[in-house]
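Undergrad: Fold the following and give me the result.
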Amino acid sequence: MRALLPVLALVLAAPWAPGAARAEDAPPRLRLAAPPVPQALALLRAPHGQVLRRAGLRAEFTPWRSPEQLRALVASGEVDAAIATLPTAAVLAARGLPCTVLAAYSAPLWIVSATDDGADAAPGAAPDALAAFRALEGEEILLPFGPGNAPGLALGVLAQAAGVRLRMSHAGSALEALNLLRLGRGGHALLPEPFATRATARARHGAALSRRLDLRALWTQVFPGRGPMPTAALVAVGPAAADPVTRAALRGAFAEGLAWAGAEPGAALALADAAYPELGALLRAAGPGRPAAPCTPDTPLSGPGGEAAARFMIERIFDLCPDCLGGRLPGEGFWDMGHAGS
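TA: Residues are numbered from 1 along each chain as shown. Below is the predicted model of the structure:
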């Protein structure tokens, strides 16, 4: 596990002004944490946005790079809210650590193939997604995540429901999986954005690659009427998880940050460069005009509909791998995704 990076002092100028409704032990300065994923832009923006300012809250940001590191931060009380996969959040709750899901999101996950048929699939809209998935019967899929990670579990859930048998192999990272494809040492890989866009850019060496299947499109065909495919979430942990005022402010700041990242790509890239230089470089590979747009949803999944979608995902993962959620389904205190439209 790589050493924890220095805390990035992205702090609001607004003073701490606790309201009467706030819990006495609520932190005067919220400590936000996220891995190097595009959705981290929302939390990087939060200390400078209006939602936390109006709530009289300040915030600072700490990057994390592995689930083990996040669990250590939570266990030691060094973080108040974080972006985490749904399985990681469920494991925190199963271990008795206060953890509440505030909002989820559907991140792009592509099966990228080393058989270039001349065109990429359209993001999020593949009418033949199920047929394309069934055509992968018996194929090996490289997973650039450790066992039990959310993207691989989502693929496993879909394979089980669709009756498709896949051979899943783990690579050390998304970059390693990408290089294996380009060297002809793998036929398919499950890649998140912005790695999928980078993979299908014109290659200087090795095989040409194409985006074969967007798991989000496949999810809506395999599970019609169940909403988008959520894999990760904004969670409140520790004392913040027990404070409804803080939870609401965090949810609002996350939505505000996602909308800002889509509307202000240049400023979003500057924040990415400061926190995660490699993330900024990858986002630039997604396109010169709106580099964060293919990677970052405009709005999070929240309210009753978002909660239903997230619960459905958790239940399907539990059916597939109970140990991946800590051995039990999360209790009711695990969920606070707000009201309709929140």
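Undergrad: Could you find the closest non-adjacent residue to the residue nearest the centre of the chain?
TA: Centroid-nearest residue in the chain, with C-alpha atoms, centre = their mean: Ala232, separated by 4.1 Å. Leaving out its chain neighbours, the residue that sits closest to Ala232 by C-beta to C-beta, 6 or more residues apart in numbering is Thr85, at 4.8 Å. Yep, even glycine has a C-beta here, placed from its N, CA and C like the rest.
Undergrad: Check the gap between that neighbour and Gly238 for me.
TA: 19 Å (C-beta to C-beta, to the nearest Å).
Undergrad: who has more neighbours, the two?
TA: Thr85 (26 against 23; other C-beta atoms under 10 Å).
Undergrad: ok, which stretches of this protein are helices?
TA: For the chain, the helices defined by DSSP state H occupy 40-45, 50-54, 67-75, 86-94, 129-134, 150-162, 174-182, 195-200, 215-222, 244-263, 265-275, 277-284, 303-320.
Undergrad: closest one to Leu142 among these?
TA: Minimum separation from Leu142 across these (C-beta to C-beta) falls at helix 174-182, 4.3 Å.
Undergrad: That closest one: how far from the chain's middle?
TA: Helix 174-182 has its C-alpha centroid displaced from the chain centroid by 20 Å (C-alpha atoms, centre = their mean, to the nearest Å).
Undergrad: Let me know which of the helices of the chain is tucked in deepest.
TA: Among the helices of the chain, helix 40-45 has the highest mean neighbour count (mean count of other C-beta atoms under 10 Å), at a mean of 27.
Undergrad: and that one, what other elements does it pack with?
TA: strand 29-34, strand 58-63, strand 81-85, helix 244-263, helix 265-275 (3 or more C-beta pairs under 8 Å, 6 or more residues apart in numbering; DSSP states H and E).
Undergrad: The last one packs against which elements?
TA: With contacts taken as 3+ C-beta pairs under 8 Å, 6+ apart, helix 265-275 sits against helix 40-45, helix 244-263, helix 277-284.
Undergrad: Tell me the buried residues in stretch 94-103?
TA: Ala94, Leu97, Pro98, Cys99, Thr100, Val101, Leu102, Ala103 (16 or more other C-beta atoms under 10 Å).
Undergrad: count of residues packed around Phe173?
TA: Wrong residue type there; residue 173 is Ser, not Phe. Residues lying near Ser173 (other C-beta under 10 Å) number 11.
Undergrad: what residues are up against it?
TA: Residues near Ser173 by C-beta atoms under 8 Å, 6 or more residues apart in numbering: Pro144.
Undergrad: got the buried residues for stretch 57-68?
TA: Leu57, Arg58, Ala59, Glu60, Phe61, Thr62, Pro63, Trp64, Pro67.
Undergrad: Which strand residues bridge the third one?
TA: In this structure, Ala59 has beta-bridge partners Leu30, where bridges are defined by DSSP bridges.
Undergrad: That one is in contact with Pro47, isn't it?
TA: Yes. Ala59 is within contact range of Pro47, at 4.2 Å (criterion: C-beta atoms under 8 Å).
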